[in-house]
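Below are the sequence and a predicted model; questions follow.
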Amino acid sequence: MRMRAQPGLTFDDVLLVPRHSSIASRSDVSTRTTLVPELELAIPILSANMDTVTEARMAIAMARVGGLGVIHRFMTVERQAAEVARVKRAEGYVVEQPVTIRPQATVAEARQLMAEAEVGGLMVVDEAHRLLGVLTRRDVLLAEAGDSVREVMTPSDKLVSVAPGVDLGEARRLLHAHRLEKLPLVDDEGRLCGLITAQDIVKLERYPNATKDAKGRLRVGAAVGARRSDMERAAACLEAGADLLVVDIAHGHSENCMAMVRRLKERFPDTPVMAGNVATPEGVRDLAQAGADAVKVGVGAGSICITRVVTGFGVPQLMAILDCAEAARSLAVPLIADGGIRNSGDLVKALAAGASAVMIGGLLAGTDEAPGATVIREGRKVKIVRGMASLTANVDRRLIERGAELEPEDWQQVVPEGVEAVVPYRGAVADLMHQLVGGLRSGMSYAGAESLEMLWERAEFLRITPAGMRESGPHDVTPLG
Ligand code: XMP
């Protein structure tokens, strides 16, 4: 047994000391970060791979503002891959595989397909994938359910289409000149090769900081576990277009996790892999040596975690980041601080301590884009959040894995390391991100740091006492609301 001399500090135990600053405006700082080689983010924030936080809707919102969502893995492989595909389809300069329908299908079938695929138009093709026409929501609005698609579509001889490879400017000009919403891409043989929509061009201009791949599609991460069967999950998510795999297990400094990282890097050498969670420099080193391109740090810090209560293990989050940052820097692997972020002050402290980005769960669980409905509790709007090791998440996972309900006696076998809870409703992700990033920019100007690298260099932490802590919040007044 040994006892460390230093106390384990976390966010509320410290403040950052203001430094001389020549930054005139908060807009002069850059919050850009490199998450893994070749994946840069305009804002250093990831949404957590939890089933009450990140599915496609959250990932789309996060990527649009310049962050990244990691789709959780507590669902079937097929569903997770479909969530990834939804993000990749949400935007892009060219929709590579537009949703298609046959001319003999009925209007009722077309309506159902539009609803399922969440698209406003279908490309009508024959068996050889030749474009026969386009069917939009307007075409089916008042049509009879039994009418055939062929009867109500706009046939291809009345359509404007272009060859694949058209540049963005020309596509924009054609869409505007003909007041079109959809511009199909068709090869010499008349085969459908893609689609450019006016909506997508508008979105390109509306979200200038969006996290995008080379084809203009939003980027997205996918979580996998460390079992051998998770290789198939990884393969399906990559096939659907995932840009990053996140091996996410509670104790990341384990042979299981390292073996999984090795297997992934062997089979998919070009795919970036983030792995965790660890809380020590040795953990960072071992995962980096196994091939991880980024390492996630945080054990027991999450808002819904009870790992420390149940097992006695964990490291207060600020200490874990500070401890791991040097190892991460010397190995050139970005460190992602996961868990415990409650406000923009915590975000600034986590980054200043050496993180390249943070992962957020509970704070985002209250937004519109998080899965689940809003409910009223004691007169206030709230949303549900749960730890992925909570009792109900364990039960649901076994249901997904075994395809059968658990017997009541099996419930008692579960030893949860997370809880179910409610969080206040927080509105749109974009508004919450605006507040968090605004606080970060302001924090960077207090440090005189124009970039995150400068923030690491210039940060000076100061331990505070409970009296200092009390002084930091509103005091001797009665806050409204
Ligand atoms: P926040 O504080 O942002 O933390 O809600 C999110 C992170 O918490 C971790 N997580 C868990 N940890 N038991 C745990 O000990 C759990 O059931 C659990 N579920 C999530 C995870 O790292 C997440 O990103």
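Great, that's in hand.

and Ala350, what does it touch?
By CB atoms under 8 Å, 6 or more residues apart in numbering, the residues touching Ala350 are 11, 317-318, 321, 337, 341, 358. (C-beta placed from N, C-alpha, C; glycine too.)

Need those in TSV (columns: distance to Ala327).
Listed next are those as TSV, based on distance: CB to CB, whole Å:
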residue	distance to Ala327
Phe11	21
Gln317	16
Leu318	16
Ile321	11
Ala337	14
Ile341	22
Val358	18
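
What about the ligand: which of these touch it?
Checked against the ligand using CB under 6 Å from any ligand atom, those yield the following neighbours: Ile341.

Show me where the stretch 1-150 of the chain dips below the pLDDT cut-off.
Judged against pLDDT under 70, the stretch 1-150 of the chain has no low-scoring part.

just the strands in it please.
Counting by DSSP state E, counting those that start in this stretch, the stretch 1-150 of the chain has these strands, from start to end: 14-16, 33-36, 39-41, 45-47, 68-71, 100-101, 121-125, 131-136.

Minimum distance to Glu471: which of those strands has it?
Shortest separation from Glu471 across the strands of the stretch 1-150 of the chain is recorded for strand 14-16, at 10.0 Å, computed as CB to CB.

Check which helices and strands the closest one sits against.
Using 3 or more CB pairs under 8 Å, 6 or more residues apart in numbering; DSSP states H and E as the contact criterion, the secondary-structure elements in contact with strand 14-16 are helix 344-352, helix 429-447, strand 461-463.

mind running it again at 10 Å?
helix 317-331, helix 344-352, helix 429-447, strand 461-463, helix 466-472 (3 or more CB pairs under 10 Å, 6 or more residues apart in numbering; DSSP states H and E).

so how far is the second one from its chain's centroid?
The gap between where helix 344-352 is centred and where its chain is centred comes out at 19 Å by CA atoms, centre = their mean, to the nearest Å.

For the most centrally placed residue in the chain, which non-adjacent residue is closest in space?
Centrality entry for the chain: nearest residue to the mean C-alpha point is Gly69, 0.3 Å, by CA atoms, centre = their mean. Closest residue to Gly69 in three dimensions, ignoring its sequence neighbours and counting by CB to CB, 6 or more residues apart in numbering: Ala59, at 2.8 Å.

what's the answer for Pro334, then?
Setting aside the residues directly before and after it, Pro334 is nearest to Ser356 in space (CB to CB, 6+ apart), at 3.7 Å.

any idea which helix or strand carries Arg308?
Assigned by DSSP states H and E, Arg308 belongs to helix 307-311.

ok, now Asn277?
Here Asn277 is covered by strand 273-278, with elements defined by DSSP H and E.

Equivalent analysis for Asp410, please.
Assigned by DSSP H and E, Asp410 belongs to helix 408-411.

Check Gly194 too.
With the criterion set as DSSP H and E, the secondary-structure element containing Gly194 is strand 192-197.

quick revisit: turn the contacts of Ala350 into a markdown table, including neighbour count.
As requested, these are exported to a markdown table (neighbours: other CB atoms under 10 Å):
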| residue | neighbour count |
| --- | --- |
| Phe11 | 22 |
| Gln317 | 30 |
| Leu318 | 24 |
| Ile321 | 30 |
| Ala337 | 31 |
| Ile341 | 28 |
| Val358 | 29 |
